[in-house]
Each structure stands twice: as structure tokens, then as C-alpha cells.
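Visitor: pasting a predicted model and its sequence here:
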Amino acid sequence: MIRIYGFKNTKEAGVSAAKVIAEAIKSRENPTLGLATGSSPLDLYGALIDMYKNGELSFKNVKTVNLDEYVGLTPDHDQSYRYFMDFNLFSHIDILPENTNVPSGIAEDPKAECERYDRLVESLGGVDVQVIGIGNNGHIAFNEPSDSFTTGTNVVELTESTIDANSRFFAKREDVPTKAISMGIGQIMSAKKILLVANGKGKAEILEKALFGEVTPKVPASILRFAKDVVVFADDAALSVIDEKHPGAVIR
Ligand code: F6R
């Protein structure tokens, strides 16, 4: 089941999304969160940091697994996803560094790293709440449009459209890695709850296609329609096409 919540701006969406995460943390002894990078979850992470600083939430018992990492970037590279997580969330809260997991982009054998990551997620008992964004091409994690849905962690060749989208963070387009290690669609789907965050007009078309169009691996996020429990937290701009084509679908 998918519930779509709309907000005036990304800050309000982030604050409400953070309450879903807080609830999952408070209601479990050893919660595991699945986390994403990119611009979409930044306000959510900001709201979680505020909750920690106000004494409302502790991350002492929380374990995290991130969705993906670029192949070839060291953890201290400022565009690596490990660096992103440390910089935007982990260094501001009381989570134990050893409880945070991001695939290694510099593993000698990336395939073996994928297997290690699958075993790790399994050993944590799966993911309680999985945060995801959606790419302009409908990807979730780095599972790009293709002829089939992926299952477990895999090494991905990034598409030109993803390299274009992500080149905004690098000095030159040529600096964007061409491969990544990504959790698979099957793994994401097995999370007990999936929290999709999307902001801005640029996501409006693809969000409507994913949530109301044909379920196809050409739009990887469309698979979410078969997930047990999906909540979407988005700003009005990202929901503009859904509002136009499916009046009343958004909860406000
Ligand atoms: C990030 C990830 C990606 C992003 C997506 C949207 O870990 O897996 O799927 O969620 O590319 O990126 P933003 O949020 O930057 O628009």
C-alpha cells in the first residue's frame, strides 16, 4: 500500500518524515535503518539532527545500511557516499560509527563486496525503515532502468542520464564514476517500511509515472506498487503532476 503525503515545502516534508523514523527507532530495541544520499533526504536528516539535539531521540541502538556507493571513491573523497553520510548525519548524532554501513567503493573484488553486503543486511534481520529517493529516470538506489528488476546488491553501470544528473557535484563530468555498488530492488522491497522522499518540480513527471503508470523495470521505482508499506513525503512541486492527473490522491 502506498500513502502519499504532500507538504508546502521540503522542510515541512523533512520534519514529518523524521517522525516516521523516530517512531521506528522508539518502538524497537535494535532498529535498522536503510539510508540514502542525495539532495532529497537532506531536510529529513536535518530534522533528525534537531530531534537528537533537543534530547528527543537517541541513535545509540540504531544500525544503518546505506543503499549505495560509487566504485573507485575512497571513504574520505568528498563525493563518496560514506563522506556524505558522515558529513550530513552521522557526525551530528550519537550513532556509534561501527553501527553505520556503506558499501565499500574501493573493495578489491566488488562482487565479493556485494555478497558481503547481502550477508550483512541479512544478519541485521533486514531493514525496518528504508529511506529512498527517486532518480529523474525512475531509478531507486542505483538500479537503473533495464529489462529486469535486480534482486540483491550488485555492481551497476551508471546510465548517461544519472552521470549527467550527478555531474553537478563534481568539477568535471569526466570525474563522475561510471560504476556503483547498489543494493538491489528485491532487497529494498523486503524492507518492513519504505519511505520515499522527493522534492522539486524536476521529480513531478517521474513520480506520477512511478506511482500511477505501468509497473516495469524501465521505471524501477514502479515496483513500489507491490511493496507492503510505502509512504511518500514530498513537496507540492514534486506532486504537481499527480495533483493534476489524480485529484485527491495526496493526503495533506
Ligand atoms: C542515493 C540514491 C539515489 C538518489 C536519487 C535521487 O543514495 O540511491 O537513488 O536517491 O538519485 O537523488 P537526489 O535526491 O539527489 O535527487
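Guide: Here it is on my side, so go on. Numbers count the residues shown, from 1 in each chain.

Visitor: interface residues of this structure facing the ligand?
Guide: Proximity of the chain to the ligand (CB under 6 Å from any ligand atom) is limited to residues 36-40, 67-68, 133-135, 139-142. In this view, the C-beta of every residue, glycine as well, is placed from N, C-alpha and C.

Visitor: which of those residues fall within strands?
Guide: Within those, residues falling in strands by DSSP state E are Asp68.

Visitor: tell me the first helix or strand C-terminal of the lowest-mean-pLDDT helix or strand in the chain.
Guide: The weakest-scoring helix or strand in the chain, judged by mean pLDDT, DSSP states H and E, is helix 160-166 (a mean of 92). Moving toward the C-terminus from helix 160-166, the next helix or strand (DSSP states H and E) is strand 179-182.

Visitor: ok so, going back, make a PyMOL selection of whichever of the residues of the chain next to the ligand turn out to be buried.
Guide: Here is the PyMOL command that selects the buried residues among the residues of the chain next to the ligand (16 or more other CB atoms under 10 Å):
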select buried, resi 36+37+38+40+67+68+133+134+135+139+140+141+142
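
Visitor: let me have the residues of the chain next to the ligand in TSV, extended by pLDDT.
Guide: As requested, those are exported to TSV (pLDDT from 0 to 100):
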residue	pLDDT
Ala36	98
Thr37	97
Gly38	95
Ser39	96
Ser40	98
Leu67	98
Asp68	98
Gly133	98
Ile134	98
Gly135	96
His139	96
Ile140	97
Ala141	97
Phe142	95
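
Visitor: so which of the residues of the chain next to the ligand is the closest to Lys8?
Guide: Closest to Lys8 out of these is Ser40 (16.6 Å), distances taken as CB to CB.

Visitor: so who does that closest one touch?
Guide: Gly133, Ile134, Val197, Ala198, Asn199 (CB atoms under 8 Å, 6 or more residues apart in numbering).

Visitor: thinking again about what came up before, would you mind listing the buried residues in the least confident helix or strand of the chain?
Guide: Thr162, Ala165, Asn166.

Visitor: got it, and stretch 114-131?
Guide: Those would be Cys114, Tyr117, Asp118, Val121, Leu124, Val127, Asp128, Val129, Gln130, Val131, for stretch 114-131 by 16+ other CB under 10 Å.

Visitor: the strands in the chain, which residues?
Guide: 2-7, 32-35, 63-66, 68-70, 100-101, 129-132, 154-157, 179-182, 193-198, 230-235, 250-251.

Visitor: any idea how far Ile206 is from the closest residue to the ligand within the stretch 51-200 of the chain?
Guide: Going by CB to the nearest ligand atom, the ligand is nearest to Gly133 of the stretch 51-200 of the chain, at 2.5 Å. Separation of Gly133 from Ile206 (CB to CB, to the nearest Å) stands at 11 Å.

Visitor: what does Glu108 give?
Guide: Relative to Ile206, Glu108 is positioned 36 Å away (CB to CB).

Visitor: neighbour-wise, which of these two wins?
Guide: Comparing Glu108 with Ile206 by other CB atoms under 10 Å, the one with more neighbours is Ile206, at 22 against 7.

Visitor: these two touch, right, that one and Asn137?
Guide: Yes: Ile206 lies in contact with Asn137 (CB atoms under 8 Å); the separation is 7.2 Å.

Visitor: thinking again about what came up before, which of the buried residues of stretch 114-131 sits closest to Val155?
Guide: The closest of the buried residues of stretch 114-131 to Val155 turns out to be Cys114 (CB to CB; 6.4 Å).
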